[in-house]
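Got a predicted structure here, sequence first:
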Amino acid sequence: MSIPLAAKAQSVKLQTIVVKIGTSSLTQTDNQLALSVLARLVETLSHLQRQGHRVILVSSGAVGVGCVRLGLRERPKSIEQKQAVAAVGQGRLMRIYDDLFTVLNQPIAQVLLTRSDLIQRSRYVNSYHTFRQLFKLNVIPIVNENDTVAVDELKFGDNDTLSALVASLVGADWLFLLTDVDRLYSADPRANPDAEPITWVQHLGDLNIDVGDRGSAWGTGGMITKLEAARIATNSGIRMAITNGQAPDNILKILTGEPLGTQFAPQPKPNNARKRWIANGLRPSGRLYLDPGAVQAIGQDGKSLLPAGIAMIEGTFQSQDAVVLCDLNGQEIARGLVNYNHHELQQIRGRRSSEISMILGYDGADTVVHRDNLVLNPDSLSPKLNLVAEDDEAR
Ligand SMILES: Nc1ncnc2c1ncn2[C@@H]1O[C@H](COP(=O)(O)OP(=O)(O)O)[C@@H](O)[C@H]1O
Ligand SMILES: N[C@@H](CCC(=O)OP(=O)(O)O)C(=O)O
């Protein structure tokens, strides 16, 4: 029997590493597949796996590869077209990955997820168990959105967000976003040659940059979705890096401490997986505006939210839905699962908990959001720190 791979790794600290590669890195300017990039990516990930790390690849490209297969020169616009083209491309993409990984004797698995898989707690937990089993089998899971079935209102839409949610789900140490620029800049470097490179981001809330309104011709979301991914990942205690997809071995260099790309500091993470699910997996369906006393009680004193501290509510939600808790200026303080629907909450907001049964005519929870179901937003508590230009030492 062969020695388990994890046991072979000696001085390397074993980590869970999620790598996302975008369409812009997988395709060349003539819209053909960038085979050499794929091969180097496969070598890098197989190497990490052999060292004993747990590796997940989130790969875009179903639509791009489908277009190449069908001879389409532009990314399709309508949802139906994209779904059909993704169905053509996804199988082909996996075949290419399997051929390349097989050369290195590395087994892979296809995992296709939709937003609702991560919203529903039981499916979220099941997905987690599947990843755990795949790690035990020394398999590299290759994840993509299940484009052919995802409905518009429940789409990730971009794999940046998906990769951050997957990283949060598995409790990853690192998330790498491989793209067609070498790092984040103060503005889109294609449109602004003078844009300043950014190497280190301590707190996302302090980032003040221009991200344009779109990505490359084939990519989805551009930098906006990468920064959203950074919010989810760093708030889950995950360190993130944006680096050039042309050089996948940058991942190895960054892991050994080289200051390549743009790196984002992990924030203190919610200490249990369920809280990470509340903070990141769920889509809030309402907002509760809190008075200063309630902001202090939940933000500083670790208390549950009571109806007395709610000044205003927005949105249509049911009991146990996720809601955002914010101050009177709309600044997000926390997210949580609410114990009352929006009708009930309109009636009891601003009132004492002891009045709830009299107002509603039945007994309900004393709290609107119990502290066990409440996750503070680290950005709202962060001190002011800012971008670091290329030459500065920030770590
Ligand atoms: N501030 C910025 N810094 C770096 N790139 C930016 C910025 N704003 C916009 N971009 C654009 O984002 C693009 C990468 O996003 P995208 O095309 O969606 O890539 P991917 O396919 O890798 O997800 C870059 O090609 C760049 O033009
Ligand atoms: N699920 C889609 C991913 C779309 C997407 O996010 O693309 P990109 O911005 O290139 O990462 C696909 O496989 O084409």
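Perfect, I can see it now. Residues are numbered from 1 along each chain as shown. Ligands and ions are numbered 1, 2, ... in the order given.

Could you pull out the helices in the stretch 51-200 of the chain for me?
Applying DSSP state H, counting those that start in this stretch to the stretch 51-200 of the chain gives helices spanning 62-70, 79-103, 115-119, 121-136, 159-170.

and those helices as a markdown table, adding mean neighbour count, mean pLDDT and distance to ligand 1?
Using the backbone N, CA and C atoms, a C-beta is placed for each residue, glycine as well. Below are these laid out as a markdown table (neighbours: other Cβ atoms under 10 Å; pLDDT from 0 to 100; distance: least, Cβ to the nearest ligand atom, whole Å):
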| stretch | mean neighbour count | mean pLDDT | distance to ligand 1 |
| --- | --- | --- | --- |
| helix 62-70 | 22 | 91 | 9 |
| helix 79-103 | 18 | 94 | 14 |
| helix 115-119 | 19 | 85 | 18 |
| helix 121-136 | 15 | 94 | 22 |
| helix 159-170 | 27 | 94 | 6 |
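
now the ones you listed in a markdown table, with distance to residue 341?
A markdown table is the format used below for the helices of the stretch 51-200 of the chain (distance: least, Cβ to Cβ, whole Å):
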| stretch | distance to residue 341 |
| --- | --- |
| helix 62-70 | 38 |
| helix 79-103 | 31 |
| helix 115-119 | 18 |
| helix 121-136 | 19 |
| helix 159-170 | 26 |
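
Quick one: closest of those to residue 205.
Nearest to residue 205 among these is helix 159-170 (16.5 Å), distances taken as Cβ to Cβ.

now the closest one and helix 62-70, what's the angle there?
Per axes from the mean of the first three to the mean of the last three Cα atoms, to 10 degrees, the angle that helix 159-170 makes with helix 62-70 is 130 degrees.

Please name the residues that touch residue 367.
304-306, 339, 353 (Cβ atoms under 8 Å, 6 or more residues apart in numbering).

so it, which of the three states?
Judged by DSSP: H, G, I helix; E, B strand; the rest coil, the three-state class of residue 367 is coil.

Run through this structure and note the low-pLDDT ranges.
Within the chain, the segments meeting pLDDT under 70 span 1-12, 150-155, 157, 213-221, 270-271, 378-395.

Go again with 50.
The chain contains residues with pLDDT under 50 at 1-10, 381-395.

Across the sheet, point out what pairs with the spatially closest residue to residue 195 that is not a sequence neighbour.
Leaving aside its chain neighbours, residue 195 sits nearest to residue 185 (3.8 Å; criterion: Cβ to Cβ, 6 or more residues apart in numbering). Per DSSP bridges, the residues bridged to residue 185 are residue 197.

so how far is ligand 1 from residue 185?
Residue 185 sits 4 Å away from ligand 1, taking Cβ to the nearest ligand atom, to the nearest Å as the criterion.

returning to that earlier point: so which of the helices of the stretch 51-200 of the chain comes closest to residue 23?
Using Cβ to Cβ, the nearest of the helices of the stretch 51-200 of the chain to residue 23 is helix 62-70, at 4.3 Å.

is the closest one anywhere near ligand 2?
Yes. Residues of helix 62-70 contacting ligand 2 under Cβ under 6 Å from any ligand atom: 62-64.

Checking my notes, residue 295 in a helix, right?
Yes. Per three-state DSSP, residue 295 lies within a helix segment.

How about the contacts made by the residue lying closest to it once chain neighbours are set aside?
Of all residues not flanking residue 295 in the chain, residue 327 sits nearest, at 5.0 Å (Cβ to Cβ, 6+ apart). Shown in contact with residue 327 (Cβ under 8 Å, 6+ apart): 289-290, 292, 295, 333.

Next, work out how far apart residue 327 and residue 294 are.
According to Cβ to Cβ, to the nearest Å, residue 327 stands 9 Å off from residue 294.

repeat for residue 320
Distance from residue 320 to residue 294, by Cβ to Cβ: 20 Å.

before we move on, what about residue 97?
Going from residue 97 to residue 294 by Cβ to Cβ gives 50 Å.

now swap in residue 138 and tell me
When residue 138 is compared with residue 294 (using Cβ to Cβ), they lie 49 Å apart.

Looking at these two, which is more packed in?
Set residue 138 next to residue 294 and count neighbours by other Cβ atoms under 10 Å: residue 294 wins out with 23 against 16.

Please tell me I have it right and that one contacts residue 310.
Yes. Here residue 294 reaches residue 310: they are 7.0 Å apart, a contact under Cβ atoms under 8 Å.

what about the residue nearest to residue 188 when sequence neighbours are not counted, neighbour count?
In space, and not counting its chain neighbours, residue 188 is closest to residue 212: 4.0 Å by Cβ to Cβ, 6+ apart. Residue 212 is flanked by 15 other residues according to other Cβ under 10 Å.

Confirm for me that residue 212 is in contact with residue 189.
No. Assessed by Cβ under 8 Å, residue 212 is found out of contact with residue 189, at 10.0 Å.

Past the one helix or strand residue 241 maps to, which element shows up next along the chain?
In the assignment (DSSP states H and E), residue 241 maps to strand 239-244. The C-terminal neighbour of strand 239-244 among helices and strands, as given by DSSP H and E, is helix 250-255.

so how far is residue 249 from the residue lying closest to residue 259 once chain neighbours are set aside?
Leaving aside its sequence neighbours, residue 259 sits nearest to residue 199 (Cβ to Cβ, 6+ apart; 5.8 Å). Here residue 199 is placed at a distance of 19 Å from residue 249 (Cβ to Cβ).

Who has more neighbours out of those two?
More neighbours surround residue 199 than the other of residue 199 and residue 249, with 20 against 12 (other Cβ under 10 Å).
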